[in-house]
Each structure stands twice: as C-alpha cells, then as structure tokens.
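Colleague: Pasting the sequence and the predicted model now:
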Amino acid sequence: MKLPEKRQSNLIGSIACGGLMAYALYAQYQLLLEPCPLCVFQRMAVIGMGIFFLIAAIHNPNSWGSRVYAFLIGLVATAGSGVAARHVWLQNFPLDEASCSPGFSYIIESFPLGEALDIIFKGSGECTDIDWLFLGLSMPAWTFLCIVMLGAFGIWNNFRCNQTR
C-alpha cells in the first residue's frame, strides 16, 4: 500500500482541523455550549495547526522547508495540548479559588496581556464545568487527544521522505 504524498497528507491535516472547528462552532451555536477562555485558546491552536497544514500543502516544500512546517505544527500542537491538559486538570481537580470570571474578550481588552493570561490560566468557574461528554471524556479531553494526534501526524508527515515530489 502506497502512502499519500506529503502534500495530500498536509491537506488531510488541514481538513481535519477544519472539521474540529466546524464541530466547535456547531457545539457553540446549535448545542449552546459557550466556550470558556481556555476553550478559545484551544480553538486558536487548532486553527493555527490547520493554517500550517494548509500552507505546507500549498507550498509543498523540499526536505528543509518540510522540516520547518513539522516544527511549526509541533510547536502549535505542544502549546494547544498544554492548554487542553490544563483544562482537563481543572475539570478534574477544581481549585477552591476558581470562580466565574468575565468573558475572554473582556479580559483581553481590559487587562495588560501578562495579567490577562494569568487570569485565563488560573481557570474560572466555567472552565471547571463539564457540560458535554462523549464516551466518558469531556470536550477538552477530546480536544487534547485530537491536538496530540494531529500534531504527531504533522510532524511525522513532514519529516518522512517521499519517493517523488
């Protein structure tokens, strides 16, 4: 069985990220599950990976350029999985001081960046709520798994050798 070319695999990665974002928007606007500030960062990571996958598919670089895309996808996946892991941890071990906080846009607009990030990553009451489960895992847990798998796929795909370009 012949593996798809790097370009095709990068396009598949981009489509997968688009599918994740489509479901996130469906959950927000149809299931009425409002994203908490940590969810917004996870979405940004998925969008970032999707953009790098798409650019890599369009560019179809040589071996050196392909490694750059592998690094960028891995970097975004590491950041996104870190945020998702923190979110899962907050859901399973909620802090006593976690309380409802203002929304993401208010925090970003009203506080300096360092203070805003500190508020967001401390978690809030809505970050500890589990409103959605599938096969016993919350949405941040599924997001963590998807980001890790897509990140590993992106790194593997862009480091592998193709017989033809």
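Modeller: Done, it's in.

Colleague: Report the secondary structure state of Leu3.
Modeller: coil (DSSP: H, G, I helix; E, B strand; the rest coil).

Colleague: Provide a list of residues in contact with it.
Modeller: Leu3 is in contact with Ser9, Arg160, counting by C-beta atoms under 8 Å, 6 or more residues apart in numbering. Bear in mind the C-beta positions are built from the backbone N, C-alpha and C, glycine included.

Colleague: tell me the pLDDT at it?
Modeller: At Leu3, the pLDDT value in this model is 73.

Colleague: right, and the helix or strand after the lowest-mean-pLDDT helix or strand in the chain?
Modeller: One helix or strand of the chain scores below all others by mean pLDDT, DSSP states H and E: helix 125-128, with a mean of 63. Note on helix 125-128: by DSSP states H and E, the next helix or strand toward the C-terminus is strand 133-134.

Colleague: What strands line up against that next one, and which way round?
Modeller: Within its sheet, strand 133-134 is paired with strand 137-138 (antiparallel), according to DSSP bridges.

Colleague: after the strand it pairs with, next one along is what?
Modeller: That would be, after strand 137-138 and using DSSP H and E, helix 139-159.

Colleague: what helices or strands is that following helix leaning on?
Modeller: The contact analysis (3 or more C-beta pairs under 8 Å, 6 or more residues apart in numbering; DSSP states H and E) places helix 139-159 against helix 6-29, helix 37-59, helix 63-92.

Colleague: most packed of those helices?
Modeller: Among those, helix 37-59 has the highest mean neighbour count (mean count of other C-beta atoms under 10 Å), at a mean of 21.

Colleague: and that helix, how far from the chain's centre?
Modeller: The chain centre lies 7 Å from the centre of helix 37-59; the measure is C-alpha atoms, centre = their mean, to the nearest Å.

Colleague: just use 57 as the starting number from now, easier for me
Modeller: I'll keep to 57 as the first residue from here, and by that count the last item is helix 93-115.

Colleague: Now do that helix: which elements does it pack against?
Modeller: On a contact count with 3+ C-beta pairs under 8 Å, 6+ apart, helix 93-115 meets helix 62-85, helix 119-148, helix 160-166, helix 169-178, helix 181-184, helix 195-215.

Colleague: Kindly calculate the angle that it makes with helix 62-85.
Modeller: Here helix 93-115 runs at an angle of 150 degrees relative to helix 62-85 (axes from the mean of the first three to the mean of the last three C-alpha atoms, to 10 degrees).
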